[in-house]
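compute the structure for the input listed below.
(one chain, ligands or ions: 1)
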Amino acid sequence: MIMKDYTAVIQAGGKGSRMIELTQDKLPKPLLLLNGKPMIQWQIETLSDFGITEIVIITGHLGDKIKDYFADGSNYGVHISYIEEKEPLGSAGALYYLKEQILSENFILIFGDVMFEIDWNRMIGFHENHQKQVTLLAHPNSHPYDSDLLLLDQKMQVKAILPKNEERSFWYDNCVNAGIYILKSDILQDFEEIQKRDFEKDILCERIKRGEVYAYITSEYVKDAGTPERFRTVCQEQADGIWAKKWLVNKQKCIFLDRDGTINQFRGLIANEDEFELEEFASEAVRKINGSGYLAIVVTNQPVVARGMCQEEDVRRIHRKMQTLLGRQGAFLDDIIFCPHHPDKGYPEENKAYKCTCECRKPAIGMIRQMAVKHNLDLEKSWMIGDSTVDIKTAKNAGVSSVLVMTGQAGQDGKYNEKATVIAENLLKAVEMILSLDKE
Ligand SMILES: [Zn+2]
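Down below sits the predicted model:
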């Protein structure tokens, strides 16, 4: 796909005061060298890899140095034009000037602090399918408790932004706005005069109220490098190859995780979030997966829905609790999928709509297949960790390696006589074992 119809706008006009320790105020922040290359050059190169070659840079403080460096962009295979902010216009005021510059029907908006390596074909494909004004890039992160969160419905429409400084007395999905947008260009007609404007407050929130904003969620590498500490982490992760590993153009390795008895304490069927308690080692285990380049995806049978013990929404609420608790300790899941079905009919309180033989209930591999397509997984290099022989059978059916853990049912469910690739004391030991094998 060649993205001739997508101009990319990079907002590089910020003062960069948080980064003065590194720039010494001699360099605009976007020119700060990240492993030998200016931050903004990394951004430009990943855009041009996808044929997005029409680029507008909004410059402010020390902006001439950016112009001197890139000129018209021809040395970098792109065409760059500039909007110069004479006075600070907030994160969005300068978009006024785009009215005359943007000829494409849609444009991409990127904030200068955000470093990323994403498959643009996927995000643009999502935007075109939804045909709405705004698509924003969302992802789970390692600190949802101090991030603004997005509240989505099942169709990925953004219903609200939950600000980080408001108290949260509820469980939430780990879903954070990453600072990358695709917008329809007619949104620019809203900019009637030159004035200071805040993108999130003045534009995004307005459009959310009108139901015009959708979230595209990715497991790829996207991180704000806007403080010296974060900048150093981002440099390290680039050098370690994490950016490239998580890029969805490349095949991904995944560690599938069973839920009950593996991540959380085994209590039989759980229909209420009060019964959900993480195992004490779960956060550390998931955090280790997060730092490894493997994806962490929960795959769980939840026949509680078919049995009429609760609704799918209740299962999702339990999963919000799981994400909130993991998030408090710096861990996140890349995806969660569950099977609400059950094959045995004839119970008085059952929910008939879910009583069926399905493709997804483990040990069937419908859920794994679905995740493999969505996340471009290499199943041969992936793993499943679970406490029951059903998990081990599932792994075998799907062609992934498996670890049986000695927590929860500890393989005593006796459903199948399947041997795991390895056995481990618990989830943490299982993850450590997988990661050590990986290094060999
Ligand atoms: Zn199912």
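
if I look at the closest residue to Trp120 other than its chain neighbours, how far off is the ion?
Sequence neighbours aside, Phe50 is the residue nearest to Trp120 in space, at 4.1 Å (criterion: CB to CB, 6 or more residues apart in numbering). The way it works is simple: take the backbone N, C-alpha and C, and place the C-beta from them, glycine included. Distance, Phe50 to the ion, using CB to the ion, to the nearest Å: 36 Å.

so Phe50, which of the three states?
coil (DSSP: H, G, I helix; E, B strand; the rest coil).

thought it was touching Met123?
No: at 9.8 Å, Phe50 does not count as touching Met123 under the criterion of CB atoms under 8 Å.

Glu206 sits in which helix or strand?
If you go by DSSP states H and E, Glu206 is part of helix 205-209.

next, the buried residues of that helix.
For helix 205-209, burial by neighbour count (16 or more other CB atoms under 10 Å) applies to Arg207, Ile208.

kindly export stretch 102-110 (C-alpha atoms) in PDB.
Extracted as PDB, the C-alpha positions of stretch 102-110 are listed here (Å, rounded to 0.1, in the frame of the first residue of the first chain):
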ATOM      1  CA  ILE A 102      -2.900  19.900   3.600                       C
ATOM      2  CA  LEU A 103      -4.300  18.600   0.400                       C
ATOM      3  CA  SER A 104      -4.800  15.000   1.400                       C
ATOM      4  CA  GLU A 105      -8.200  13.800   2.700                       C
ATOM      5  CA  ASN A 106      -6.700  12.500   5.900                       C
ATOM      6  CA  PHE A 107      -3.600  13.400   7.900                       C
ATOM      7  CA  ILE A 108      -1.400  11.800  10.500                       C
ATOM      8  CA  LEU A 109      -0.600  13.800  13.600                       C
ATOM      9  CA  ILE A 110       2.400  12.800  15.700                       C
END
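
pLDDT (mean, whole number) over that stretch?
For stretch 102-110, mean pLDDT rounds to 88.

end-to-end on stretch 70-79?
10 Å (CA to CA, to the nearest Å).

what average pLDDT does that stretch get?
95.

how far off centre is that stretch?
Centroid separation for stretch 70-79 versus its chain: 31 Å, with CA atoms, centre = their mean, to the nearest Å.

which parts of it are buried?
So, applying 16+ other CB under 10 Å, buried residues of stretch 70-79: Phe70, Gly73, Tyr76, Val78.

one more: stretch 34-50?
Of all the residues in stretch 34-50, those buried under the rule 16+ other CB under 10 Å are Leu34, Pro38, Met39, Ile40, Gln41, Trp42, Gln43, Ile44, Thr46, Leu47, Ser48, Phe50.

contacting residues around the fifth one?
By CB atoms under 8 Å, 6 or more residues apart in numbering, the contact set of Gln41 is Phe70, Tyr76.

tell me the phi and psi of Ile297?
Dihedral angles of Ile297 (phi, psi; degrees, to the nearest 10) stand at phi -130, psi 130.

how far away is the closest residue in space to it that isn't next to it in sequence from Glu212?
Using CB to CB, 6+ apart and skipping residues adjacent in sequence, the residue nearest Ile297 is Asp335, 4.5 Å away. As judged by CB to CB, to the nearest Å, Asp335 and Glu212 stand 26 Å apart.

from the contact counts, what lies against whichever helix or strand comes after the helix holding Glu206?
Per DSSP H and E, the first helix or strand lying C-terminal to helix 205-209 is strand 213-217. Contact here means 3 or more CB pairs under 8 Å, 6 or more residues apart in numbering; DSSP states H and E; on that basis strand 213-217 packs against helix 120-130, strand 134-139, strand 158-162.

what's the angle from strand 213-217 to helix 120-130?
Strand 213-217 and helix 120-130 are oriented at 150 degrees to each other (axes from the mean of the first three to the mean of the last three CA atoms, to 10 degrees).

mind listing residues that contact strand 213-217?
Looking at what lies outside strand 213-217 - CB under 8 Å, 6+ apart - the contacts are 122-123, 126-127, 130, 132-139, 150, 152, 155-158, 175, 177, 204, 207.

before we move on, back to that, next, show the common contact partners of Phe50 and Met123.
By CB under 8 Å, 6+ apart, no residue touches both Phe50 and Met123.

give me every residue in the protein lying close to the ion.
Cys339, His341, Cys358, Cys360, Arg361 (CB under 5 Å from the ion).

got a list of what the third one touches?
When the contact criterion is CB under 8 Å, 6+ apart, the partners of Cys358 are Cys339, His341, Pro343, Ala364, Gly366.

next one: the second one
With contacts defined as CB under 8 Å, 6+ apart, His341 is in contact with Pro303, Val305, Ala306, Tyr354, Lys355, Cys356, Thr357, Cys358, Cys360, Arg361.

Arg116: which element?
For residue 116 the amino acid is Phe, not Arg. strand 114-117.

before we move on, what SS does Ile423 have?
Secondary structure, three-state DSSP: Ile423 is strand.

nearest residue to it other than its sequence neighbours?
Closest to Ile423 by CB to CB, 6+ apart is Leu404, at 5.0 Å.

now do that neighbour against the ion, distance only.
In terms of CB to the ion, Leu404 sits 23 Å off from the ion.

now Asp72
Between Asp72 and the ion the computed distance is 56 Å (CB to the ion).
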